[in-house]
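Undergrad: Build me a structure from this.
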Amino acid sequence: MKRLEIWGASIPGNSARKKIMDMDIGKNPFYLIQMFRMLAALNGSKYKKCKKELDTFTYLAGIKKGITKETYEDVPTLTYYPAPGAEQAVIVVPGGAYAYQCVEMEGTNVANALNKQGIAAFVLDYRLNPYRMPIPLLDMQRAVRYVRAHSEEFGIDENKISLLGFSAGGYQVGGFLNLLQGKNRFPDGYEMDEIDKADDSVDTAGLLYPCLTLKYNLPILYILFPEKAVQNEETKNRLLKEYDCIENMNSAGTRQFVCYGKKDHVVNYEQSRMYVETLRKIHGDVTLVELEDADHGFGVSKDMNRKTDRWFQSYIKWLKTSDTGKI
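TA: As a prediction, this is how the structure comes out:
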């Protein structure tokens, strides 16, 4: 296991500005209370002002614990989990509503499970609230380019790089595929390096209980975009349309795997169904797996002994099929 910094000397979107200057942090310091408030705030398709709840949890979960920096100087990384003789690699993207990252069940456990199948894994640590879009998606794109640019060093086939994202990590994958892939949306002043010129195509993509259209979780807008933009009706509607993976579907060329639980109370799974239907209409190759009794955030358990872990075997079977294979 090795932690790799994916950007060079310059990291787009970073500065020495203190994050708290852009955050509304409440006075209640209790982590669990703020976690429940954050989850309650995010749930639902009704627009509501909840910046304080989201910012407070972000602060407690990351900045206060020293996991993320007090300034906009975070360094995105890939944690590399090699597998002997592996030619295939999966970039794993944990979720956490862009407020924190569920590293164990949606990162470490997944990487270890992939290793046991003879597949190399990279767990992406991307930038979160209060960084604004498209900065997190730039980290996703850079991760793909980084692995491809160093594929010979890792001993993997550059044409066998896949993505696997969970919840917000699913949006990272879906947003990258449909909104950013093949494009450069760097902020002014950033100077591209050689890795930025690398091909950002991927072999396959897996999306687990993903957020794919922000319409079902409108409050998350306060995490992804500036407060003034969210409170302006015209700007808000423009952002909703611009960052909708279904309306902007552009990934028919990538074989995809979508899975969700039918008891998900956090991310409405209808958006996954809509995504699959839209992808099939443009002749995309997509496999759908529904778990009848699963809620949100099941990820992968450490010992692979839960009922919900069965999705992983379906995913591995799918991943190892040919381009036209079905499970």
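
Undergrad: quick one: the strands in the stretch 151-300 of the chain?
TA: Along the stretch 151-300 of the chain, counting by DSSP state E, counting those that start in this stretch, strands occupy 161-166, 204-208, 255-261, 286-291.

Undergrad: what's the closest of those strands to residue 267?
TA: strand 255-261 (7.7 Å; CB to CB). Glycine gets a C-beta too; all of them are placed from N, C-alpha and C.

Undergrad: Dump the C-alpha coordinates for that closest one into CSV.
TA: The C-alpha atoms that make up strand 255-261 are tabulated as CSV, following Å, rounded to 0.1, in the frame of the first residue of the first chain:
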residue,chain,number,x,y,z
ARG,A,255,-19.3,-0.4,-20.4
GLN,A,256,-21.0,0.3,-17.1
PHE,A,257,-22.3,-1.6,-14.0
VAL,A,258,-25.0,0.0,-11.8
CYS,A,259,-26.2,-1.3,-8.4
TYR,A,260,-28.4,0.0,-5.7
GLY,A,261,-30.5,-1.1,-2.8
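
Undergrad: Run through who's touching it.
TA: 177, 203-210, 267, 269, 272, 275-276, 279, 284-296, 298, 308, 311, 314-315, 318-319, 323 (CB atoms under 8 Å, 6 or more residues apart in numbering).

Undergrad: same question, stretch 137-149
TA: For stretch 137-149, contacts defined as CB under 8 Å, 6+ apart pick out 4, 6-7, 12-13, 76, 78, 89, 91, 93, 122, 124, 126-127, 154, 156, 158, 161, 163, 172-173, 175-176, 179-181, 185-186, 194-196, 198-202.

Undergrad: same thing but 7 Å
TA: 6-7, 12-13, 76, 78, 89, 91, 93, 122, 124, 126-127, 158, 161, 172, 175-176, 179-180, 185, 195-196, 198-200, 202 (CB atoms under 7 Å, 6 or more residues apart in numbering).

Undergrad: tell me the helices in the stretch 151-300 of the chain, going along the chain?
TA: In the stretch 151-300 of the chain, the helices defined using DSSP state H, counting those that start in this stretch lie at 151-154, 168-175, 221-224, 227-231, 233-242, 270-281.

Undergrad: re earlier: mind giving me the PyMOL select for the contacts of stretch 137-149, buried ones only?
TA: This is how PyMOL selects the buried members of the contacts of stretch 137-149, with burial counted by 16 or more other CB atoms under 10 Å:
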select buried, resi 6+7+12+13+76+78+89+91+93+122+124+126+127+158+161+172+175+176+179+180+195+196+198+200+202
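
Undergrad: Please indicate which of the contacts of strand 255-261 are buried?
TA: Buried among the contacts of strand 255-261 by 16+ other CB under 10 Å: 177, 203-210, 267, 269, 272, 275-276, 279, 284-289, 291, 294, 296, 298, 308, 311, 315, 318-319.

Undergrad: For residue 100, find the nearest of the strands of the stretch 151-300 of the chain.
TA: Of all the strands of the stretch 151-300 of the chain, strand 161-166 comes closest under CB to CB, at 12.9 Å.

Undergrad: Adjacent strands (with direction) for that closest one?
TA: Strands that pair with strand 161-166, judged by DSSP bridges, come out as strand 89-93 (parallel), strand 204-208 (parallel).

Undergrad: Identify whichever of these lies nearest to residue 42.
TA: Here strand 204-208 is closest among the strands paired with strand 161-166 (CB to CB), at 17.4 Å.

Undergrad: got the angle for the closest one vs strand 255-261?
TA: Using axes from the mean of the first three to the mean of the last three CA atoms, to 10 degrees, the direction of strand 204-208 lies 10 degrees away from that of strand 255-261.

Undergrad: got a list of contacts for strand 204-208?
TA: The contact list for strand 204-208 (CB under 7 Å, 6+ apart) reads 162-166, 170, 173-174, 177, 254-259, 315, 319.

Undergrad: Over to stretch 158-174?
TA: Outside of stretch 158-174, the residues within contact range by CB under 7 Å, 6+ apart are 87-98, 106, 110, 126, 136-137, 140, 144, 147-148, 151, 202-212, 245, 267, 296-297, 299, 319.

Undergrad: mind redoing it with 6 Å?
TA: Contacts to stretch 158-174, defined as CB atoms under 6 Å, 6 or more residues apart in numbering, come from residues 87-98, 106, 140, 147-148, 151, 202-212, 245.
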